[in-house]
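Undergrad: Next one to model:
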Amino acid sequence: MRGNWGAAFQIGAVYVGTIVGAGFATGREIVEFFTQYGVSGLVGIGISGFLFIWLGTRIMIIANRIQAISYKEFNEYLFGRKIAFLVNALMLLVLIGVTSVMLSGAGAVFHEQLGISYQIGILVTSAFSIFVMTYGIKGLFSVNMFVVPIMIFFSVVLAVEVLITDASSLLSTPGFESLSFKWMISPFLYAAFNLAMAMPVLVPLAKEMDNEKTLRWGGLIGGGALCLILFTSHISLSALPNVESFEIPMAEVMKNFMAAFYWLYIVVIYGEIFTSVIGNLFGLERQLKNVIKLPSILIVFGILSIAYVISQLGYGSLISFLYPLFGYMSLILLVLLAKPMNQLPKK
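TA: The predicted model follows:
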């Protein structure tokens, strides 16, 4: 692909599609890292947006220059081979943890929005996942091409509707009195975790590009779009009283301000969760198959069994505990990525 706008937008779309998972769609992740801090959260979103643009672009540039085939080679470059082995093992555990969060998110959608058992939601999603993994997943990834633009559209339109209807809500939430250690570290934890999760996709994508300007523009477009989604979602979530008490807060905002589109948005949320589960399962299965000599279906079943047990802790609880923990684990990645440009590998 040559350095042109079409390729840059493609890269940006993949970047957004990789990071926009169930946490974005449900809004629970945004509440945990930003909205609970009120107006201060807007500053945090600005910091995260900058990191997504700057360091997301860096990941792709480094991967392109060293011609990394996967995130394993990329981690070996950043950390050295011995430490990279530990980092890759930790990433495996993180992917299992995130899969557990996605399953619990599916259960939360069934329980909170559909009035169906939490357990049924998890089991149905697991069964669908096994079915899709058995018959191939290529078609499923194309769902993001449909789901992500709709989610961005709803995110912007809903924020505009909230501002028109209840602009004071943005200022009525806890303001700069929330300036605390947690508020200041949240944007860095959030960016670190999401960039680590994006690496398995961004690294091999960057290898295929033959023009660094395309990667730079792709990083700017993707990171900018992520910042826009965070900003508009924060505005919408600020209008919901007791926002922290909901497992799927964005659905509640949609119900209050744009009820006519409520059910369509529930489908979008579930679509994001399902594609996230499949994506994680695909990555885990490919890694474990080289170590565990078992049929793929048994490996997938084993992963889902472990994820099912962890998912019993509940969606909100898992987001609150695991995501910040994974963020702290990923902070060293930000430090290593931020090294001066003259220390990066030459083209």
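Undergrad: Which secondary structure state does S100 sit in?
TA: helix (DSSP: H, G, I helix; E, B strand; the rest coil).
Undergrad: Return the residues in contact with it.
TA: 306-308, 310-311, 318, 322 (CB atoms under 8 Å, 6 or more residues apart in numbering). Yep, even glycine has a C-beta here, placed from its N, CA and C like the rest.
Undergrad: count of neighbours near the nearest residue to it once chain neighbours are set aside?
TA: In space, S100 comes closest to I310 once its chain neighbours are excluded; the distance is 3.7 Å by CB to CB, 6 or more residues apart in numbering. Each residue near I310 was counted by other CB atoms under 10 Å, and the total is 16.
Undergrad: And the contacts of the helix or strand hosting I310?
TA: Taking DSSP states H and E as the definition, one finds I310 inside helix 296-311. Residues from elsewhere that reach helix 296-311 (CB under 8 Å, 6+ apart): 96-97, 99-101, 103-104, 107, 122, 126, 129-130, 133-134, 281, 284-285, 288-289, 292, 318.
Undergrad: Now restrict these to buried residues only.
TA: Neighbour counting by 16 or more other CB atoms under 10 Å classes 96-97, 99-101, 103-104, 107, 122, 126, 129, 133, 281, 284-285, 288, 318 among these as buried.
Undergrad: So which of the contacts of helix 296-311 sit within helices?
TA: Among the contacts of helix 296-311, the members found in helices (DSSP state H) are 96-97, 99-101, 103-104, 107, 122, 126, 129-130, 133-134, 281, 284-285, 288-289, 318.
Undergrad: what's the average pLDDT for stretch 302-309?
TA: The predicted model assigns stretch 302-309 a mean pLDDT of 92.
Undergrad: before we move on, what about stretch 91-111?
TA: Regarding stretch 91-111, the rounded mean pLDDT is 87.
Undergrad: what's the answer for stretch 192-204, then?
TA: Average pLDDT, stretch 192-204: 85.
Undergrad: Could you tell me how far it lies from the centre of the chain?
TA: For stretch 192-204, the separation from the chain centroid amounts to 9 Å (computed by CA atoms, centre = their mean, to the nearest Å).
Undergrad: Mind jotting down where the strands sit in the stretch 151-300 of the chain?
TA: All residues of the stretch 151-300 of the chain lie outside strands when identified by DSSP state E, counting those that start in this stretch.
Undergrad: what ranges of it fall below the confidence cut-off?
TA: Applying pLDDT under 70 to the stretch 151-300 of the chain flags residues 167-180.
Undergrad: count of residues packed around R216?
TA: Here the number of neighbours of R216 (other CB under 10 Å) works out to 18.
Undergrad: which residues does the nearest residue to it once chain neighbours are set aside contact?
TA: Nearest in space to R216, with sequence neighbours left out and distances taken as CB to CB, 6+ apart, is T57 at 5.6 Å. If you count contacts by CB under 8 Å, 6+ apart, T57 has them with 215-216, 218-220, 223.
Undergrad: Out of those, who's the most crowded?
TA: The member of the contacts of T57 that has the most neighbours, counting by other CB under 10 Å, is G218 with 28 neighbours.
Undergrad: Surely it touches A8?
TA: Yes - using CB atoms under 8 Å, G218 is in contact with A8, at 4.6 Å.
Undergrad: and for these two, which residues touch both?
TA: With CB under 8 Å, 6+ apart as the test, G218 and A8 reach no residue in common.
Undergrad: For the spatially most central residue of the chain, give me its contacts.
TA: By CA atoms, centre = their mean, the mean C-alpha position of the chain lies nearest to I19, the distance being 3.4 Å. By CB under 8 Å, 6+ apart, the contact set of I19 is 52, 194, 197-198, 226.
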